[in-house]
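K.L.:
let me see the structure of the following:
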Amino acid sequence: MPVKTFGSSVYGVEATTITVEVNISSGTKYFIVGLPDNAVRESLLRVESAITNCGYRMPRQKIVVNLAPADIRKEGSSYDLAIAIGILAESGQIENARLDKYLILGELSLDGDIQSVKGALPISIQAKRDGFEGLIIPKANAREAAIVKDLQVYGVTNLKEVVEFFNGDTSLSTTVVDARDEFLYNINNYESDFSDVKGQENIKRALEIAAAGGHNVILIGPPGAGKTMLAKRLPTVLPPLNLHEALETTKIHSVAGKLAAADSLMTIRPFRSPHHTISDVALVGGGAHPQPGEISLAHNGVLFLDELPEFKRTVLEVMRQPLEERRVTISRAKFSVDYPASFMLVASMNPCPCGFYNHPEKECVCGPGVVQRYLSKVSGPLLDRIDLHVEVTPVDFNELSSDRKAEASVLIRERVIRAREIQTERFKDKADVYANAQMSPKTVREICRISDAGQQLLKKAMEKLGLSARAYDRILKVSRTIADLDSSDEITLEHLAEAIHYRSLDRDSWAG
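P.N.:
Below you'll find the model as predicted:
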């Protein structure tokens with residue numbers, strides 16, 4: 001009678017329980033079936049060495065291992081431990097009475113040590129759904145998996161520990177993590193703060209508006225003006241992650257193998273800053289064995305693209321659909337996976353190749369038409385999805401040397417949270433809309449109503465400044481956010497005027 005143990009496989013950000021069936025009969029060869037990849041096929045060699053080096057007997061008979069369901073491709077080395085336990089149970093070296101109560105996961109070294117795996121959190125969630133009593137997992141992944149309540153999580157370091165546990169010769173200690181306490185303890189654990197920034201009050205105001213409405217923003221200014229420093233501090237003024245967002249974000253980083261052994265739950269919003277040489281697959285996700293890309297790792301946080309025009313055109317263009325739909329679908333011939341990608345895009349760029357166009361003190365040395373060609377590296381459709389265009393100017397010496405304390409991030413965040421609470425109430429009946437930046441054109445017409453005087457102001461601004469038609473909805477969204485920060489039910493002329501100010505790149509006069 002074949003012995004059954006249970007493993008798990010991750011597809012996208014969800015896990016599927018895999019049944020590992022082991023049958024030993026007369027013969028001499030080992031076989032593994034059920035659409036295994038090369039890493040799974042090689043597992044029998046690792047398993048044989050681990051079993052032998054731990055002092056157990058590897059059967060010298062025909063061994064057939066089936067990974068069910070057989071129509072799902074199995075990838076990676078996480079099935080090693082389940083296969084080894086199945087072989088030892090089928091050969092009578094392990095009592096198999098309790099095997100059906102536990103999901104077993106781990107990669108084996110040749111000496112029997114158990115290495116970490118990816119996707120421990122979604123696997124733990126699925127184990128609870130499927131009614132397993134416990135989860136046996138590498139110790140490096142135990143804290144991550146222990147976030148799930150009402151599931152016994154055992155972190156193990158060696159095959160021998162697992163064998164003795166099932167034989168009743170020893171007991172394993174469970175790993176316990178209180179997700180709520182961990183979440184609340186680390187929720188404000190930021191290393192940087194807006195109080196460190198001297199001057200730049202207008203830029204801080206723009207980033208406050210962006211945080212309050214979830215708007216994408218681009219910072220344009222000369223080298224050394226503080227664009228990167230300001231962008232890195234944006235997560236400190238965003239509303240704290242709620243527990244659902246924290247779990248969702250942790251699942252993505254777990255699948256990508258980005259969580260350290262000491263981490264159990266991501267409690268602060270992610271900030272991802274890929275280099276401009278990144279490929280389009282690395283940015284949006286995919287590959288031969290699909291993995292989440294940078295836009296998914298930035299889910300519920302900030303994606304910062306420094307020196308935007310230096311990114312390859314194809315890389316920037318693949319972001320257009322995820323920016324609108326807030327998810328990315330990776331399709332292959334036999335399957336497709338969805339990765340969430342709801343992030344704030346923050347980009348920065350120099351105004352020209354030399355970096356000093358419009359600089360108050362230094363002269364630009366770029367030739368005629370060079371500035372426009374440089375800016376045109378960023379396509380109109382991508383700029384269409386960026387709500388705020390903010391010009392960053394250098395800070396003068398007097399402000400840099402001033403002892404005046406700048407406003408702390410926690411004070412800015414309080415205003416942002418109040419504005420987000422207004423938006424939560426406003427969109428409570430609209431699915432998947434949580435902030436002003438996510439409004440559809442129809443919703444903009446319903447919610448962002450302005451007076452006749454406001455219409456005249458907007459008309460004059462579009463005519464005089466040469467603003468494009470695509471700027472119209474963006475201005476209304478941003479002005480609605482500014483009104484929310486002021487706790488105003490109406491969008492006033494002041495709110496509109498400030499929103500118009502943040503459309504620099506739409507002006508015909510910009511860059512000549």
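K.L.:
helices and strands around the longest strand along the chain, which ones?
P.N.:
Longest strand of the chain, by residue count under DSSP state E: strand 14-25. For strand 14-25, the packing partners by 3 or more C-beta pairs under 8 Å, 6 or more residues apart in numbering; DSSP states H and E come out as strand 3-11, strand 62-68, helix 80-90, helix 120-129. Just so you know, the C-beta spots here come from the backbone N, C-alpha and C atoms, and that holds for glycine as well.
K.L.:
okay if I get these as CSV plus mean neighbour count, distance to Arg313 and mean pLDDT?
P.N.:
Compiled in CSV, those are given as follows (neighbours: other C-beta atoms under 10 Å; distance: least, C-beta to C-beta, whole Å; pLDDT from 0 to 100):
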stretch, mean neighbour count, distance to Arg313, mean pLDDT
strand 3-11, 23, 31, 92
strand 62-68, 19, 42, 94
helix 80-90, 28, 43, 95
helix 120-129, 24, 35, 93
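K.L.:
reformat the ones you listed as a markdown table; add distance to Ala483.
P.N.:
Below are these laid out as a markdown table (distance: least, C-beta to C-beta, whole Å):
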| stretch | distance to Ala483 |
| --- | --- |
| strand 3-11 | 43 |
| strand 62-68 | 57 |
| helix 80-90 | 57 |
| helix 120-129 | 39 |
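K.L.:
how about these, which one is nearest Asn436?
P.N.:
Counting by C-beta to C-beta, Asn436 lies closest to helix 120-129 out of the helices and strands packed on strand 14-25; the figure is 31.2 Å.
K.L.:
helices of the stretch 251-400 of the chain, residue ranges please.
P.N.:
Secondary structure of the stretch 251-400 of the chain, counting by DSSP state H, counting those that start in this stretch: helices at 280-284, 294-297, 313-317, 320-325, 370-375, 380-383, 397-400.
K.L.:
of the ones you listed, which is nearest Cys448?
P.N.:
Cys448 lies closest to helix 320-325 among these, at 18.5 Å (C-beta to C-beta).
K.L.:
residue contacts, Ala50?
P.N.:
By C-beta atoms under 8 Å, 6 or more residues apart in numbering, Ala50 lies in contact with Asp80, Ala84, Leu108, Ser109, Leu110, Asp111, Gly112, Leu159.
K.L.:
redo the residues you listed as TSV? Include distance to Glu414 and secondary structure.
P.N.:
Formatted as TSV, the contacts of Ala50 follow (distance: C-beta to C-beta, whole Å; DSSP: H, G, I helix; E, B strand; the rest coil):
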residue	distance to Glu414	secondary structure
Asp80	50	helix
Ala84	54	helix
Leu108	51	strand
Ser109	51	coil
Leu110	56	coil
Asp111	54	coil
Gly112	54	coil
Leu159	52	helix
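K.L.:
by neighbours, which of the residues you listed wins?
P.N.:
Neighbour counts for the contacts of Ala50 (other C-beta atoms under 10 Å) peak at Ala84, which has 32 neighbours.
K.L.:
my read: that residue touches Leu159, true?
P.N.:
Yes: counting by C-beta atoms under 8 Å, Ala84 does reach Leu159; the two are 6.0 Å apart.
K.L.:
hey, what's in contact with both of the two?
P.N.:
Shared contacts of Ala84 and Leu159 (C-beta under 8 Å, 6+ apart): Ala50, Ile51, Leu108.
K.L.:
tell me the pLDDT of the first one.
P.N.:
On the pLDDT scale, Ala50 is placed at 95.
K.L.:
may I ask you to confirm that it belongs to a helix?
P.N.:
Yes: counting by DSSP: H, G, I helix; E, B strand; the rest coil, Ala50 is part of a helix.
K.L.:
and the contacts of the top helix by length along the chain?
P.N.:
In the chain, assigned by DSSP state H, the helix with the most residues is helix 409-426. Helix 409-426 has contacts (C-beta under 8 Å, 6+ apart) with 188, 190, 193-195, 204, 208, 211-213, 233, 236-239, 434-436, 447, 481, 484-485, 487.
K.L.:
excluding chain neighbours, give the residue nearest to Phe132 in space.
P.N.:
Excluding its sequence neighbours, the residue lying closest to Phe132 (C-beta to C-beta, 6 or more residues apart in numbering) is Leu103, at 4.9 Å.
K.L.:
just give me the neighbour total for the one you found.
P.N.:
Using other C-beta under 10 Å, the number of residues around Leu103 comes to 27.
K.L.:
and what of Glu201?
P.N.:
11.
K.L.:
now find how far off-centre the helix or strand harbouring Ala206 is within its chain.
P.N.:
Per DSSP states H and E: Ala206 is located in helix 201-213. On the basis of C-alpha atoms, centre = their mean, to the nearest Å, helix 201-213 sits 22 Å off its chain's mean C-alpha point.
K.L.:
elements contacting that helix?
P.N.:
For helix 201-213, the packing partners by 3+ C-beta pairs under 8 Å, 6+ apart come out as strand 217-220, helix 227-232, strand 344-349, strand 388-391, helix 409-426, helix 471-485.
K.L.:
what lines up beside the first one in the sheet?
P.N.:
Using DSSP bridges, the strands paired with strand 217-220 are strand 344-349 (parallel), strand 388-391 (parallel).
K.L.:
distance between the first one and the chain's centre?
P.N.:
Spelled out, that is strand 344-349. Taking mean C-alpha positions (C-alpha atoms, centre = their mean), strand 344-349 and its chain are 16 Å apart.
K.L.:
so for that strand, what's the average pLDDT?
P.N.:
Mean per-residue pLDDT for strand 344-349: 93.
K.L.:
put the buried members of the contacts of helix 409-426 into a PyMOL selection.
P.N.:
In PyMOL, a selection of the buried entries from the contacts of helix 409-426 looks like this (16 or more other C-beta atoms under 10 Å):
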select buried, resi 190+193+194+195+204+208+211+212+213+233+236+237+238+239+434+435+436+447+481+484+485
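K.L.:
most centrally placed residue in the chain?
P.N.:
Leu297 (2.3 Å; C-alpha atoms, centre = their mean).
K.L.:
chain neighbours aside, what residue packs nearest to Asn232?
P.N.:
Actually, residue 232 is Lys rather than Asn. Leaving aside its sequence neighbours, Lys232 sits nearest to Ser192 (C-beta to C-beta, 6+ apart; 6.0 Å).
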